[in-house]
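# Give me a model of this one.
(chains A and B)
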Amino acid sequence: MSGYPPEFRESIKIIEETREERLKITPPRVPLEEKEELLRKFHPDYKKEAKRQIKIGAGKGEYAPHEVANLLEAHSFLYMNALSNGVEIDLEDPDFDVDVLIIGGGGGGATAALWALYNGIPADRILLATKLRFGDANTKMAQGGIQAADREYDSPIIHFLDVMRGGHYTNDPDLVRILVTSAPFIIKWLEELGVMFDKEPDGTMIEVSGGGTSRLRMHSAGDYTGLEIMRTLMDEVLNREIRVLEFSPAVELLTDDEGNIAGAVLMNLETEQYLVVRAKSTVLTTGGFGRLHIQGFQTTNHYGATMDGVVLAYRVGAEIRDLDSVQYHPTGAAWPLQIAGQLVTEKVRSLGAQLVNTAGEAFVYPLEPRDIVAAAIIRECEERKKGVITPVGTCGVWLDSPMIEIIRGEGTIERYLPAMLRQFRRFGIDIRKEPILVYPTLHYQNGGIKINTNAQVLGNGGRPIGNLFAAGEVTGGVHGKNRLMGNSLLEITVFGRIAGINAAKNARNTNVGKLSLKHVYRWEEMLKEAGIETNVVAPMILPDYKGDIKFR
Amino acid sequence: MPGTVETIKDTKLVEGKAVEGVLGAGKKLVTIYVMGKWYQVPAGLTITKALEYLGYRLVRGVGCRAGFCGACTTLWVKKNDYKLYSGLACQTMVEDGMYLVQIPFVPAEKRIYNIEELEPNGSVVLALYPEVTRCIGCNACTKVCPQEIQVMDTIQEIIRGNIAKAARMAFDCISCGSCSLRCPAEIKHFYVFQLVRRLYGKYIAPKAKHLEKRVKEIEERKYDGALDRLIRAGPDKWRELAEKAQKDEEVET
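Reported below is the predicted structural model:
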């Protein structure tokens, strides 16, 4: 029984009838000169009314989506819920006193914790605090793979060029250099930890292409690549007996009397008690903003992806970049509605599936960078009217997954895309036999807080903010205005490592002074001075879906 | 705009037709019992969405909301049915007459080990998790696995010492713990499987030699000069070379 409604039947028939012809062709790449126009007309980032200038802080005057600006211009959660109504936060007697505090329990945080340990910080002097369970993060949901130029036909130089091209040459080249030259080392480290990469019988990595990558460089572990990396890192963190505090999001950073970062205030989500952590080094690995549902988009992201880290860093003066740039993954599930917006990995296209409209035309080269493919799909729906309209009035185009098994043989999908196969089978759709209906979905925060090559967070005038480090999606610069597939798992491990190493180094040379929340009171004054009147309180911590059935 | 959620909102899912046809279930509303409490919710919602629709704010029993993290393990029984069912709340649709509870946490203890000191064989696993040998072959674990893993068979492979086979069989595990909740032998399968996979990945799978070679080249600074020149050259040069690379041409810096 097909999980598709009967009205899709006719359109699926066209896909089936044109398949044989389409197998013979490679759909056209978008000519360089047309790319800009395609993005300008159809990519959601280019909608002027969806953004505004930020009115306060180090990023004042920069453009950001309203949903992002709302949080950057928000009241402090701690101020509104505690400081302003007499709830005392005892800064004299911290609940935890550590060398390294890591905020965020995804792949970046786990990596930072391990590398702080490898660099001499004892396990009981590290604290990893996380909002939900340890490992509950977008890392686990990353399916496609992780890039590293480790073959004869490839080099870090070509990887560098691909990353820059993907980001429209807006990336920080020094960060990109670190990304690509650390990549093989990181894969080797993961291999040594026991990550089960897909390999040939002789140990050669099976590497496929990804959108915007010019060489076969995508390493994977089925379509559970992120899960496999995350659970291995978690296992190692637990084996090393590093302290992990779950269900305890950070609600504000702490400074010392000199204005350097000195830890954070956490909140026990279950008891709503505040916990004061004094730390010599603090690392932010809190991830991105998918759950802000920018412009009303569905998202691929984890429940906890609410941009908390950017908010906290912004209040202590961190500079931001590229927060106006949102990555919409071209292929979110458009049907069934129960999994609307859920990721359909780019690997489906890497393995040979084309994107096809209702006329049976493969309308775009499937492995263009993500922003291009997303814009091309929206063009089919909005301008060319060659999308499939669902019974609720949403639109999608077909991702012709059955092509994969024709090209690569029966069993390919089961072997390389087990998660995808299972996900759709749960709702009565066999992606080996039927195509997948897709539409772009909010996937990734391209920008974030600025860091330097030591993963130090940068404040006023590009000077590092004392004792504060960050890695992963919370930061901006590595991907410029658009990230390529397979570079986020790479980024969190490469820069998580650098953050861990430098946090350890910094902790050895730092004495934290008297703890202070002065910057929070100052922030509230600044809001007043800027004439900002808002009901928004941040960090958001979790999205509010009470009574909601819109968002998955 | 097509495809965005605003459109979905406008169709008033709760009030009639949309629910009937769109979410794929025949009835407009179904009755569920959340921890014994009676509610009616639109048919076709996942358990996660049904709870939120009812006004629950989820902290435990929720995670990635996409079937990858195993946080939303849920148990239920159905009217006039003795069976205890289990599944992921984010991937399971509500059914009429469902009595459900979400499991906030699966009590289990991970054993601590130094992976560097282990050997990839069955006795290493059994030494750390001796309860594995208590398996009575009831297969209750397999029946509840939302990932369709042959859980019991995997445990049996471990007992026989077939680490490589067990690692592959257990690869899709998302550590939801359903199996361990049902196991009369009190095996904590997901921790056992984690160990087995790491033993396989580290010791049994052959190493990638090309990887080692490239790491060495980078350590010997083979690419440093070229990268220095490239970064100095600036965006025009990057663009020119990147387009060349896209055409599969050689790139010289």
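# where in the chain is pLDDT low?
Here I'm looking at chain A. Within chain A, the stretches with pLDDT under 70 are A:1.
# You answered for a different chain; I wanted chain B.
Those would be B:1-27, B:253, if you go by pLDDT under 70 across chain B.
# beta partners of the residue in the stretch 301-450 of chain A positioned nearest to chain B?
The nearest approach of the stretch 301-450 of chain A to chain B comes at residue A:395, 3.4 Å away (CB to the nearest CB). For glycine as for every other residue, the C-beta is placed from the backbone atoms N, C-alpha and C. Counting by DSSP bridges, residue A:395 is bridged to residue A:389.
# so which helix or strand takes in the closest residue in space to residue B:166 that isn't next to it in sequence?
Leaving aside its sequence neighbours, residue B:166 sits nearest to residue B:157 (CB to CB, 6 or more residues apart in numbering or on different chains; 4.2 Å). Taking DSSP states H and E as the definition, residue B:157 sits inside helix B:151-159.
# counting contacts, what elements does that helix pack onto?
helix B:122-128, helix B:140-144, helix B:163-169, helix B:189-199 (3 or more CB pairs under 8 Å, 6 or more residues apart in numbering or on different chains; DSSP states H and E).
# so who does the residue nearest to residue B:166 touch?
B:165-166, B:169 (CB atoms under 8 Å, 6 or more residues apart in numbering or on different chains).
# likewise residue A:214?
Going by CB under 8 Å, 6+ apart, residue A:214 touches A:158, A:161-162, B:242, B:245-246, B:248.
# tell me which residues in whichever strand or helix holds residue A:415 are buried?
Using DSSP H and E, residue A:415 maps to helix A:412-416. Judged by neighbour count using 16 or more other CB atoms under 10 Å in any protein chain shown, the buried positions of helix A:412-416 are A:412-413, A:416.
# Can you give me the domain assignment for chain A?
Split into domains by automatic domain parsing, chain A comes to A:6-30+A:327-443, A:76-87+A:94-325+A:446-526.
# Quick check: which of those domains has the most neighbours on average?
Greatest average neighbour count among these goes to domain A:76-87+A:94-325+A:446-526 (a mean of 23), per mean count of other CB atoms under 10 Å in any protein chain shown.
# Can you give the distance from that one to the centre of its chain?
With CA atoms, centre = their mean, to the nearest Å as the basis, domain A:76-87+A:94-325+A:446-526 stands 10 Å off its chain's centre.
# Could you do stretch B:115-130 as well?
24 Å.
# which stretch of helix or strand covers the most centrally placed residue in chain A?
Relative to the mean C-alpha position of chain A, the nearest C-alpha, by CA atoms, centre = their mean, is the one of residue A:444, at 4.4 Å. Here residue A:444, judged by DSSP H and E, is contained in strand A:436-445.
# Residues contacting the helix or strand following that strand, please?
Toward the C-terminus, strand A:436-445 is succeeded by strand A:448-450 as the next helix or strand (DSSP H and E). Contact with strand A:448-450 is made by A:284, A:288, A:309-310, A:313-314, A:318-323, A:457-458, A:462, A:470, A:473-477, as judged by CB under 8 Å, 6+ apart.
# Outline the domain layout of chain B.
Domains of chain B are assigned by automatic domain parsing as B:5-102, B:115-204, B:211-246.
# Which strand residues bridge the residue nearest to the centre of chain A?
residue A:327.
# and it, what does it touch?
Counted by CB under 8 Å, 6+ apart, residue A:444 has contacts A:288, A:290, A:326-327, A:329, A:473, A:483, A:488.
# hmm, try it at 10 Å
Listed by CB atoms under 10 Å, 6 or more residues apart in numbering or on different chains, the contact partners of residue A:444 are A:138, A:287-290, A:299-301, A:305, A:325-329, A:370, A:473, A:479, A:482-483, A:488.
# So which of these are in strands?
With strands taken from DSSP state E, the overlap with the contacts of residue A:444 comprises A:326-329.
# List just the nearest of the residues you listed to residue A:440.
Taking CB to CB as the measure, residue A:440 lies nearest residue A:328 of the ones in strands among the contacts of residue A:444, at 4.0 Å.
# Strand A:436-445 and whichever strand or helix holds residue A:379, what's the angle between them?
Residue A:379 is located in helix A:370-382, with elements delineated by DSSP H and E. Relative orientation of helix A:370-382 versus strand A:436-445 (axes from the mean of the first three to the mean of the last three CA atoms, to 10 degrees): 140 degrees.
# Helix A:370-382 close to chain B?
Yes. Using CB under 10 Å from any CB of the partner chain, helix A:370-382 reaches chain B at A:377-378, A:381-382.
# which bits of the stretch 451-552 of chain A sit near chain B?
A:541-552.
# Apply 7 Å and report the result again.
A:545-552 (CB under 7 Å from any CB of the partner chain).
# Among the contacts of residue B:157, which one has the most neighbours?
residue B:166 (26 neighbours; other CB atoms under 10 Å in any protein chain shown).
# Let me see the contact set for it.
Counting by CB atoms under 7 Å, 6 or more residues apart in numbering or on different chains, residue B:166 touches B:154, B:157-158, B:196.
# what comes into contact with stretch A:541-552?
A:131, A:249, A:291, A:293, A:298, A:303-304, A:306, A:308, A:339-342, B:5, B:8-9, B:13, B:42, B:45, B:49, B:52-53, B:55, B:57, B:65.
# Out of these, list just those in strands.
Assigned to strands by DSSP E, the following of these qualify: residue B:42.
# And the ones in strands among the contacts of residue A:444, which two are furthest apart?
Farthest-apart pair in these is A:326 and A:329; separation 10.5 Å (CB to CB).
# Sketch out the helices for the stretch 1-150 of chain B, chain order is fine.
B:5-10, B:17, B:47-53, B:122-128, B:140-144 (DSSP state H, counting those that start in this stretch).
# Go through the ones you listed and pick out the most buried.
Note that of those, helix B:47-53 is the most buried (mean count of other CB under 10 Å), with a mean of 25.
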